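Peer 1: Predicted model follows, preceded by the sequence.
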Amino acid sequence: MQGKGHIIVFLFRVILGSLFILASIDKILRPDNFYYIVKSYELLPEPLIAYIAGILPWLEFLIGITLVFGIAVKSSALLACFLLIFFLSGLSINYYRGNLINCGCYTVLFRMLEMEETISIPSILRDLGILLMGVIVFCFDREYFSLSSFISRLLDRKNFPELTTAKYRK
């Protein structure tokens with residue numbers, strides 16, 4: 001992307017990361033509640049539900065933090081896209097079944113608004129839009145305004161010529 005496109009991709013990266021952090025908060029703070037939400041999807045065998053409910057919120061949080069701060073952006077965006085495809089599959093299957101349960105996506109936000117979000121076409125379209133943001137970040141991010149690019153510039157040998165001496169080469 002040329003021109004101001006990198007700013008749009010940067011904003012998408014921060015928004016995507018923030019959404020993942022927001023989605024993880026209630027799941028981390030209320031793991032029992034999230035366990036029952038995962039169970040209500042009726043997609044996983046009973047022994048896997050506890051593992052998914054325990055790992056998924058922390059994975060969402062980690063992906064969110066890495067995207068917001070610009071650490072391993074390509075990997076984080078790819079993981080975010082895989083998770084979003086997984087989420088979209090669960091939403092779509094349950095919508096098709098007529099199992100219009102609490103989606104569990106942004107529980108903390110909907111609780112603040114005193115609303116409950118059930119699986120619906122708008123929730124599926126919302127996740128498709130978020131997936132599109134993830135694909136754009138994966139394809140076009142050049143790590144502008146990222147911690148990764150800051151550190152690589154900081155450690156660039158041009159900035160630290162003393163690191164290029166024979167003493168430090170091996």
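Peer 2: Received the coordinates, thanks. Numbers count the residues shown, from 1 in each chain.
Peer 1: Quickly note the distance from Ile37 to Ile119.
Peer 2: Plainly put, Ile37 is 11 Å away from Ile119 if you go by CB to CB, to the nearest Å. Every C-beta, even on glycine, is put in place using the N, C-alpha and C of the backbone.
Peer 1: which one of these two has more residues nearby?
Peer 2: Between Ile37 and Ile119, counting by other CB atoms under 10 Å, Ile119 is the more crowded of the two (24 against 20).
Peer 1: residues contacting the more buried one?
Peer 2: Applying CB atoms under 8 Å, 6 or more residues apart in numbering to Ile119 gives the contacts 91, 94-95, 99-101, 103.
Peer 1: State the next helix or strand along the chain beyond the helix or strand of the chain with the lowest mean pLDDT.
Peer 2: In the chain, the helix or strand scored least confidently by mean pLDDT, DSSP states H and E is helix 107-112, which has a mean of 60. Sequence order places helix 121-140 as the next helix or strand after helix 107-112, per DSSP states H and E.
Peer 1: That next one: which residues count as buried?
Peer 2: Counting neighbours by 16 or more other CB atoms under 10 Å, one finds that the buried residues in helix 121-140 are 123-124, 126-127, 130-131, 133-138.
Peer 1: Equivalent analysis for stretch 64-84, please.
Peer 2: Neighbour-count burial for stretch 64-84, with 16+ other CB under 10 Å as criterion, is recorded at 64, 66-73, 76-81, 83-84.
Peer 1: what ranges do the helices span in this protein?
Peer 2: In the chain, the helices defined using DSSP state H lie at 5-29, 31-40, 46-69, 73-97, 107-112, 121-140, 147-154.
Peer 1: In terms of mean pLDDT, which of those ranks lowest?
Peer 2: Mean pLDDT is lowest for helix 107-112 out of these, coming in at a mean of 60.
Peer 1: anything in contact with each of Ile37 and Ile119?
Peer 2: With CB under 8 Å, 6+ apart, Ile37 and Ile119 have common neighbours 101, 103.
Peer 1: residue contacts, the residue nearest to Val68 when sequence neighbours are not counted?
Peer 2: Spatially, and ignoring its direct neighbours in sequence, Val68 is nearest to Gly17 (3.7 Å; CB to CB, 6 or more residues apart in numbering). Taking CB under 8 Å, 6+ apart, we find Gly17 in contact with 63-69, 76.
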